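Chemist: build me a structure from this.
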Amino acid sequence: MIETTFDAIVIGTGQGGKPLAVALAAAGWNTAIIEREHVGGTCVNIGCTPTKTMVAAARVAYLARRSADYGVHSGDITVNLAEVRQRKQSVVDDFRNGGQRALERAKNIELIFGEASFTSANSVAVKLNDGGIRQLTAPKIFINVGCRPTDPGVEGSERVSILDSSSIMELDELPEHLIVLGGGYIGLEFGQMFRRFGSRVTVVQRAVQLLGREDQDVAEAVAKILREDGVEILLNASATKANHDDKGQIHLTVNTPGGERTIIGSHLLAAAGRTPNSDSLNLPAAGIETDKAGFIKTNSKLETNVAGIYALGDVKGGPQFTHISYDDYRIIKTNLIEHGNATINDRLVPYTVFIDPQLARVGLSESEARAKGLSIKIAKMPMAYVARAIEMSETRGFMKAVIDADTNQILGFTVLGIEGGEIMSMVQLAMMGRLPYTTLRDAIFAHPTLAESLNNLLNI
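Modeler: You can find the predicted model right below:
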């Protein structure tokens, strides 16, 4: 078999791999980038882009049903899920095709569609999608293969048609009753979305609260909002068995604090955890170490234990967000192309959960700060005190800032409220600039905006 030599091989075209390949090629590196299905990775194809497109449709349905609250009267609201899916796919296709064209036009890049696996520490074999196998070798190899939904591990699940975060977006008909396994970010976004589309929804969460990384008051406020929207939430509940009846309905047996219960639904969504796509790479052939879950181990510069091999994005574990994958690319670009010394140490990790209203956080939560023994002040204010939220009739949720009592630095900020991600980003900028909270407290923001709510929140 003929072996082709490159300066770099990038496995995966996600939000770290694609821009990295472009940057390496622009720097003169002869680069191969391998993709087994669609350019763009999880975000573009089955993650951020399609889900947030569908979340937008769900919000339109929600506002249409609420139109009388604003003095606007309309008739019955119906959702055509096939049309929602078609709009979603149109957006995905635009993003995906644009990304593929950019790679195909770039100098010094060869885009190869196929399944990659290591044959040594500096070579991979690619089982081509159109047939045949290619052997590639390079002194630098970058792994950006992402994750997939984890099997729910419920007895009988192999006999039941179970949806995951990808297949649920391909439905053309609305579920009568959607059962969601998992009360994390993915489960709640889909749960609220389909409730707003018109499905009955039940969320089964194994833990004692939703969103296990968040403070208890945040989790309780989210649960209250979802219940107001008509979502049934079962906490401290574990699914033990699933089966179909002769009518095709799903019977899910659940252990709850009140005893065993059987939930009957039309569709079942597994949304509890993600598994790294490292198992198909034949990592032992290269000597690459992983943890017990299969996540690739890296140091602070994203280097694996094997010289010349790096891992970016979800496959290395840690925060599984698109913007983290992109920042991983920037770290590698800085170090390898610009000869810098960038690391992942101490980087702020912002995120937004696209339930409605949005939940956004950056930095430490209150419970994390207290666990560290820090001397802190807490600023907390309901969105019902925000003039712009009142004017928009969007007053659910609250804002909370964690402040170092000795230095007045903002250690963390959480907002559950309308356009929460945008408000959080303002506070993140202040944290990045190491501004004391008093700077935001005393700043002049345009009225009436959501931003000016920071004046009142931080008046402590």
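Chemist: can you give me the helices in the stretch 151-300 of the chain?
Modeler: Using DSSP state H, counting those that start in this stretch, the helices of the stretch 151-300 of the chain run over 185-197, 216-228.
Chemist: single out the most deeply packed of those.
Modeler: Mean neighbours per residue, mean count of other CB atoms under 10 Å, is largest over those for helix 185-197, with a mean of 24. Placement of C-beta: from N, CA and C, glycine included.
Chemist: could I get the buried residue list for stretch 333-347?
Modeler: Lys333, Asn335, Leu336, Ala342, Ile344 (16 or more other CB atoms under 10 Å).
Chemist: ok, now stretch 54-70?
Modeler: The neighbour-count check on stretch 54-70 (16+ other CB under 10 Å) flags Met54, Val55, Ala56, Ala57, Ala58, Ala61, Tyr62, Leu63, Ala64 as buried.
Chemist: and the gap between the nearest residue to the fourth one once chain neighbours are set aside and Asp172?
Modeler: Of all residues beyond its chain neighbours, the one nearest Ala57 is Val84 (4.8 Å), with distances taken as CB to CB, 6 or more residues apart in numbering. For Val84, the distance to Asp172 under the criterion CB to CB, to the nearest Å works out to 9 Å.
Chemist: who has more neighbours, these two?
Modeler: Neighbour tally, Val84 and Asp172, criterion other CB atoms under 10 Å: the higher count belongs to Val84, 23 against 11.
Chemist: do I have it right that the more buried one meets Phe194?
Modeler: No: here Val84 does not reach Phe194: they are 10.6 Å apart, not a contact under CB atoms under 8 Å.
Chemist: show me the contacts for the closest residue to Ala219 other than its chain neighbours.
Modeler: Leaving aside its chain neighbours, Ala219 sits nearest to Gln209 (4.0 Å; criterion: CB to CB, 6+ apart). Applying CB atoms under 8 Å, 6 or more residues apart in numbering, we find Gln209 in contact with Gly183, Gln216, Ala219, Glu220, Ala223, Leu235.
Chemist: show me this structure divided up by domain.
Modeler: For the chain, automatic domain parsing gives the domain ranges 3-149+275-336, 157-272, 357-457.
Chemist: and those: which comes nearest Tyr351?
Modeler: Set against Tyr351 and scored by CB to CB, these come closest in domain 3-149+275-336, at 5.4 Å.
Chemist: what's the average pLDDT for stretch 453-460?
Modeler: Mean pLDDT, computed over stretch 453-460, is 97.
Chemist: ok, back up a step: so for Leu252, which of the helices of the stretch 151-300 of the chain sits nearest?
Modeler: helix 185-197 (14.2 Å).
Chemist: tell me the mean pLDDT over the closest one?
Modeler: Taken as a whole, helix 185-197 has an average pLDDT of 98.
Chemist: keeping just the C-alphas, turn that helix into CSV.
Modeler: Only the C-alpha atoms of helix 185-197 are listed here, as CSV (Å, rounded to 0.1, in the frame of the first residue of the first chain):
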residue,chain,number,x,y,z
TYR,A,185,-28.6,20.6,29.4
ILE,A,186,-29.6,18.4,26.5
GLY,A,187,-32.6,16.8,28.1
LEU,A,188,-34.0,20.1,29.3
GLU,A,189,-33.6,21.8,26.0
PHE,A,190,-35.4,19.1,24.2
GLY,A,191,-38.0,18.6,26.9
GLN,A,192,-39.1,22.2,26.9
MET,A,193,-38.9,22.4,23.1
PHE,A,194,-41.2,19.5,22.5
ARG,A,195,-43.6,20.6,25.3
ARG,A,196,-43.9,23.9,23.4
PHE,A,197,-44.4,22.1,20.2
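Chemist: what residues does it touch?
Modeler: So helix 185-197 is contacted by 51, 54-55, 57-59, 61-62, 79, 81, 84, 165, 168, 174-175, 178, 180-181, 201, 203, 205, 210-211, 222, 226, 229-231, 269, 271-272, 353-356 (CB under 8 Å, 6+ apart).
Chemist: circling back: TSV please, covering the helices of the stretch 151-300 of the chain and showing distance to Gly318.
Modeler: Putting those into TSV (distance: least, CB to CB, whole Å) gives the following:
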stretch	distance to Gly318
helix 185-197	15
helix 216-228	21
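Chemist: ok, the closest residue to Asp69 other than its chain neighbours - contacts?
Modeler: The shortest distance from Asp69 to any residue other than its chain neighbours is 5.5 Å, reached at Ser393 (CB to CB, 6+ apart). Listed by CB under 8 Å, 6+ apart, the contact partners of Ser393 are Arg66, Asp69, Tyr70.
Chemist: I'd like the distance between Ser393 and Ala68.
Modeler: 11 Å.
Chemist: could you do Gly248 as well?
Modeler: 37 Å.
Chemist: Ala384 too?
Modeler: 20 Å.
Chemist: likewise Val55?
Modeler: Distance from Val55 to Ala68, counting by CB to CB: 23 Å.
Chemist: same question for Asn456.
Modeler: 30 Å.
Chemist: can you give me the pLDDT of Ala207?
Modeler: As predicted, Ala207 sits at a pLDDT of 96.
Chemist: and what of Lys247?
Modeler: 85.
Chemist: burial count for it?
Modeler: Neighbours of Lys247 under the rule other CB under 10 Å: 7.
Chemist: buried stuff in stretch 113-131?
Modeler: Using 16+ other CB under 10 Å as the test for burial, stretch 113-131 gives 113-119, 121-126.
Chemist: name the residues that touch it?
Modeler: 3, 9, 11, 34-37, 112, 133-139, 141, 280-283, 285-288, 306-309.
Chemist: buried subset of the residues you listed, written for PyMOL?
Modeler: Buried residues within the contacts of stretch 113-131, by 16+ other CB under 10 Å, are selected in PyMOL with:
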select buried, resi 9+11+34+35+36+112+134+136+137+138+141+281+283+286+288+306+309
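Chemist: contacting residues around Ser157?
Modeler: Neighbour list for Ser157: Asp151, Ala242, Ala270 [criterion: CB under 8 Å, 6+ apart].
Chemist: now Ser325
Modeler: Counting by CB under 8 Å, 6+ apart, Ser325 touches Gly14, Gln15, Gly16, Gly41, Cys43, Asn144, Leu312, Gly313, Asp314.
Chemist: separate out the buried members of those.
Modeler: Among those, those classed as buried by 16+ other CB under 10 Å are Gly14, Gln15, Gly16, Gly41, Cys43, Asn144, Leu312, Gly313, Asp314.
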